[in-house]
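# Next input, structure requested:
(chains A and B)
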Amino acid sequence: MPTFDPLITAIVIVCLFAGVLGVCAYLTLGERKISAWMQDRVGPNRVGPGGLLQPMADGAKFFLKEEVVPDHVDKVFYLLAPAVAVGTALMALAVVPFGGTTPVPDPIPVHSGDVPAAPVQEFAKQQAEYAETFQFVLAPGLDIGVLYIFALGSLAAYGVILAGWSANNKYSLLGALRSSAQIISYEIPLGMSVLGVFLIVGSLNPEKIIAWQAANGWFVAFMPLAALLFLTSSYAESSRLPFDLPEAEQELVGGFHTEYSSMKLGLLLLTEYVHLVTASFMMAVLFLGGWNLFGLESCTGTVVGDAILKLLILSGKMVGLAVFAQLVRWTIPRFRFDQLMNLAWKVMIPLALLNLLAVMFVKQYSFMLVTLTGVNVLLFVGAGLWGARSGGTVSNPKRQVAPQPVGVPAGVTYAGR
Amino acid sequence: MPLTEADVQWVEEAKLGLWEQLYIPALVDGLKTTVGHIFKKKITEQYPEDEPKMPANYRGVHRLNRDEAGRVKCVACYMCATACPAHCIDIVAAPAPADWQKDGREKYPETFVIDELRCIYCGMCEEACPVDAIELTTLYDLTGLSREQMVFDKEKLLSVFDTTTKAGTDPVRTRSGKLGPASEAPPGA
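Just a heads-up that it's a prediction; the model follows:
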């Protein structure tokens, strides 16, 4: 059993929150810098050396702004929404490993021929060893692990919906509607793409998933398609651009946070970045081997050195993925809403299902895991071929061009229909 | 003539092939472009530190040119004030001092006031001036703390000439120094 020391846990909570919020603050700066560099600009560079203190200035500005609560809002839910949004986002961090972890040792089966005390002693020894090691995760040994993150990810939709609905504003409501539809749709491929991981590892516990990958290789090598699906749906879950329809500025002013000001707006914006950090951590843990980096994580040979190295490796992967998300954000334009739904329901969910089916076959008949890689590539190319063959989607069928008799004014066909 | 169906040409959207349908190659192409721009030279000008170099035909603050003797070149003909669509030029003419008279100068502006806030910087005063006495310079950062400060009198306008000429930022249209053809005596006079 993992032990629980309130003091140490409290210290870890404070450190993790400070770390994550700091990373979020600098992600906002990174976002502005990256977008600027991509557009041949230099970005914010006035506050501090090279603009490095810009996040502090932004945060201070949010605190100093006037708190406007419009008359037409539903006060209770209007004030509750940012708290719900940021609370659920931060709570998801509880089971996310952010450094070196060891899974809880499995119980030792007792065979009839054994000396009765030996397995018990062995088990007690393993447990004592486990209790000695420090786990870089708030709630170690939680077997529902990833499920808890998904549950809170769905709860996050409540923050957005409450914000949009209570604001009593059409733009906000439209943003909230889009958000709920989007999050519900992308929950499915998100969950289904990682089911394969759980089937192979046999556990939902992120520490066990990392340990499995450290021993057998990263899942991105075995299931590249699942990794791609997970990455894509995690962008949609944290409403990053190509999927930022809930707050599409050009269409909806600010989307669900149109009516918010001051720190309440700051919290809602922060939520998005916390989601991005959580999603990047999950991507690193589930598919990119967590703290594992081809044996480099234990090259120092000391316990403390390795712990620091593992922390750096996992955080580095997380930051790398977050920066990649920002590169993607400023590269791909936003989807149209029907394209968004088509992608989720007609492409990603079937592909995730087929991938899951492939994993089941591999497990059942004990094929080599590399076959999964082949199946994944085949599925991906096959889906592309199908798309190229069918030419367009069902909801956007090619229009039949019917030549009208000469002399009929153009546009009559449309008016008559 | 109304547009008929025969005039309409239907264009089919290009069909996406396998490469485009995979979406990832397109994404990689996009990333190549955007990431390539990250390492390109930035075009931002750091304004207060690096001042932009204005094109020589930029129409900024006015100046009143001086002639070779350093006197105001303006002959107080009111052409600029007449041409001005914003009515921002106010001139009071006076007979030229006696020693100017031997150079053929009969009038000179006793006061010459331009309201820089009313001016629309169209450059018509410059075009109208027969002796090229008024010109728009490349000075763009015109600021003041009050409306009164933005009303430029003759001394201020002459000082603009001094600073711009000293800085070597004469407008491209300039013919400062000589009086224009209209200042010459009519033939046979």
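# Mind jotting down where the helices sit in the stretch 1-150 of chain A?
Counting by DSSP state H, counting those that start in this stretch, one finds helices in the stretch 1-150 of chain A at the ranges A:6-38, A:54-64, A:75-91, A:117-132, A:145-166.
# tell me which residues of the shortest one are tucked away?
For helix A:54-64, a neighbour-count test (16 or more other Cβ atoms under 10 Å in any protein chain shown) marks A:54-55, A:58-59, A:62 as buried. The C-beta positions use only the backbone N, C-alpha and C, and glycine is treated the same way.
# and the longest strand seen in chain B, what other elements does it pack with?
Taking DSSP state E as the criterion, chain B has its longest strand at strand B:107-115. Secondary-structure packing of strand B:107-115 (3 or more Cβ pairs under 8 Å, 6 or more residues apart in numbering or on different chains; DSSP states H and E): strand B:89-95, strand B:151-152, helix B:154-167.
# Kindly spell out which helices and strands sit in contact with the second one.
It stands for strand B:151-152. strand B:107-115.
# now, of the helices and strands packed on strand B:107-115, which is deepest in the fold?
Stretch with highest mean neighbour count among the helices and strands packed on strand B:107-115: strand B:151-152 (a mean of 20; mean count of other Cβ atoms under 10 Å in any protein chain shown).
# Each with direction, which strands does that one pair with?
strand B:107-115 (antiparallel) (DSSP bridges).
# Quick check: next helix or strand after the strand it pairs with?
helix B:124-128 (DSSP states H and E).
# And the average pLDDT for the longest strand of chain B is what?
Strand B:107-115 comes out with an average pLDDT of 90.
# which among the buried residues of helix A:54-64 gets closest to residue B:69?
Set against residue B:69, the nearest of the buried residues of helix A:54-64 by Cβ to Cβ is residue A:54 (56.8 Å).
# Look up how far chain B lies from the closest one.
According to Cβ to the nearest Cβ, to the nearest Å, residue A:54 and chain B sit 16 Å apart.
# what does residue A:14 give?
35 Å.
# Residue A:246 now?
Distance from residue A:246 to chain B, by Cβ to the nearest Cβ: 22 Å.
# which SSE is the residue nearest to that residue when sequence neighbours are not counted in?
Excluding its sequence neighbours, the residue lying closest to residue A:246 (Cβ to Cβ, 6 or more residues apart in numbering or on different chains) is residue A:179, at 3.5 Å. Using DSSP H and E, the element containing residue A:179 is helix A:170-201.
# Quick one: mean pLDDT for that helix?
On average, helix A:170-201 scores 86.
# Then stretch B:57-77?
If you average the pLDDT values across stretch B:57-77, you get 86.
# for the helices of the stretch 1-150 of chain A, which one ends up most surrounded?
helix A:145-166 (a mean of 22).
# Measure how it sits relative to helix A:75-91, angle-wise.
Here helix A:145-166 runs at an angle of 160 degrees relative to helix A:75-91 (axes from the mean of the first three to the mean of the last three Cα atoms, to 10 degrees).
# what's the first-to-last distance across stretch B:116-125?
Distance between the boundary residues of stretch B:116-125 (Cα to Cα, to the nearest Å) amounts to 13 Å.
# Flag every buried residue along it.
B:116, B:119, B:121, B:123-125.
# ok, those vs residue A:154, which is closest?
Closest to residue A:154, out of all of the buried residues of stretch B:116-125 and judged by Cβ to Cβ, is residue B:121, at 59.6 Å.
# pLDDT wise, what is the closest one at?
pLDDT at residue B:121 comes out at 90.
# tell me, what residue is most central in the chain?
In the absence of a named chain, chain A is used. When chain A is reduced to its mean C-alpha position, the closest residue under Cα atoms, centre = their mean turns out to be residue A:279, at 2.3 Å.
# if you could check chain B rather than the one you did, that'd help
Central residue of chain B (Cα atoms, centre = their mean): residue B:59, at 0.5 Å.
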